[in-house]
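[1] could you work out the structure for the sequence below:
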Amino acid sequence: MKNFYQVLMIFVLSSATIIAQDSLVFKNGNVIVGEIQSLNKGVVTIETDYSDDDFTILWTEVSEAYTESLLTMVTVDGDRYYGTLRTDNGNIIILNDDGTEIKVDRNDIVNLKPLDKGFLDRLYAGIDLGYTLTRARNQQQFTLRSQAGYLTEKWSIDMNYNVLNSSQDDTEDIHRTDGNISFRYILPHEWFVMAQIDFLSSTDQLLDLRTNSRIGVGKFIKRTNRLYWGVQAGVSYNVEDYEGEGNDRESTEAWVGTEFNVYDIGDLSLLTNVVVYPSITESGRVRVDYRLDLKYDLPLDFYVKTGLTLNYDNEPIEGGVKTDYVWQSSFGWSW
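    Residues are numbered from 1 along each chain as shown. This is a model prediction of the structure:
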């Protein structure tokens with residue numbers, strides 16, 4: 001009878017290779033087949049076709065793991081791998097994407113996250129829209145917040161574009177546009193290098209266009225399937241075109257920043273970052289960019305979001321304001 005169950009388990013695992021992507025074998029001999037969603041804080045989450053809810057299991061109760069899903073894996077030493085898993089004589093074997101094999105202790109794996117190779121699986125995008133119409137003074141306001149990106153095992157590209165247009169009778173219209181495009185390349189031990197271009201246009205700051213190009217290096221202080229916190233620093237070149245003649249500026253700046261992102265906390269996620277720019281070529285000038293986004297996921301990939309974007313300049317041009325900010329609440333969709 002014992003041999004029968006062993007043969008049956010082998011058959012189940014072999015069938016799982018065809019039917020599903022991943023298989024976990026528990027210490028008590030039970031087998032679960034599905035798709036690994038994450039490993040975080042000692043708990044592995046796996047999605048199956050036969051349950052509405054994902055299963056969560058203590059990683060210490062798993063004796064064997066076999067995956068066909070492509071996974072990003074992080075060890076206790078901060079080493080990152082990309083590939084699949086299998087078990088051999090009690091050891092976890094990581095088959096890297098380049099064909100090499102790495103043997104690690106099961107307890108040394110602290111983070112797993114699927115990362116499919118398909119183009120659409122690596123692409124993400126979202127758009128939020130908001131509109132307000134008030135009878136008094138015919139006030140109208142339109143807001144847009146959007147983001148898109150592409151993620152691989154070693155690098156990522158992220159883009160953001162935000163717009164606020166406001167108008168009412170007997171008052172000048174208000175227009176504000178900001179956005180950025182950034183590139184990040186992951187190095188060993190949670191270090192990364194990055195390059196980013198930010199732009200801002202604001203009638204309140206009399207700013208036709210600010211283009212800030214920056215490069216730098218950073219490190220993830222903490223990074224799991226639920227959150228990350230990183231710090232970064234570098235240099236930037238800032239070009240500003242203002243309303244009127246003789247007000248334009250060009251300057252070189254140092255910069256230092258930090259970003260904190262909490263995601264997958266149920267349906268809630270939070271992103272906040274701040275960057276400080278002490279000028280190198282304009283003595284005494286300091287700028288600050290701050291962002292806060294709070295998002296709540298709804299069914300069918302819809303969500304509601306509220307967010308703050310703030311820009312501070314201790315030496316604005318004459319007639320401009322030191323602090324310019326916009327708080328937007330909107331309804332959106334992502335994929």
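
[2] now D297: closest residue in space, sequence neighbours ignored.
    D267 (4.1 Å; C-beta to C-beta, 6 or more residues apart in numbering). Any C-beta I mention is one placed from the backbone N, CA and C, and that applies to glycine too.

[3] near the one you found, how many other residues are there?
    11 (other C-beta atoms under 10 Å).

[4] residues touching it, list them.
    Counting by C-beta atoms under 8 Å, 6 or more residues apart in numbering, D267 touches Y296, D297, L298.

[5] quick check: mean pLDDT of the strand or helix carrying Y312?
    Secondary-structure assignment from DSSP states H and E places Y312 in strand 302-313. Strand 302-313 shows a mean pLDDT of 90.

[6] helices or strands next to that strand in the packing?
    Other helices and strands packing on strand 302-313, by 3 or more C-beta pairs under 8 Å, 6 or more residues apart in numbering; DSSP states H and E, are strand 123-134, strand 286-297, strand 323-334.

[7] need the ones you listed in CSV (columns: distance to N89).
    Compiled in CSV, the helices and strands packed on strand 302-313 are given as follows (distance: least, C-beta to C-beta, whole Å):
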stretch, distance to N89
strand 123-134, 39
strand 286-297, 42
strand 323-334, 43
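
[8] so V274 versus K222, what's the distance?
    17 Å (C-beta to C-beta, to the nearest Å).

[9] the two: which is more packed in?
    V274 (15 against 10).

[10] contacting residues around that one?
    G257, T258, V288, D289, Y290, R291 are the contacts of V274 under C-beta under 8 Å, 6+ apart.

[11] is it in a bridge, and if so with what?
    T258, Y290 (DSSP bridges).

[12] which parts of the stretch 51-200 of the chain are helices?
    119-122 (DSSP state H, counting those that start in this stretch).

[13] show me where it dips below the pLDDT cut-off.
    76-78, 115-121, 136, 153 (pLDDT under 70).

[14] cool, and the stretch 201-335 of the chain?
    224-226, 264, 266.

[15] quick check: of the contacts of V274, which lies closest to L200?
    D289 (8.5 Å; C-beta to C-beta).

[16] what's that closest one in contact with, if anything?
    Neighbours of D289 in contact, by C-beta under 8 Å, 6+ apart: D198, V274, V275, Y277, L310, N311, Y312.

[17] looking at it, the first one is touching N212, isn't it?
    Yes. In this structure, D198 sits in contact with N212. The criterion is C-beta atoms under 8 Å, and the distance is 4.5 Å.

[18] thinking again about what came up before, quick check: which of the helices and strands packed on strand 302-313 is nearest to L164?
    Comparing the helices and strands packed on strand 302-313 by C-beta to C-beta, strand 323-334 comes nearest, at 5.1 Å.
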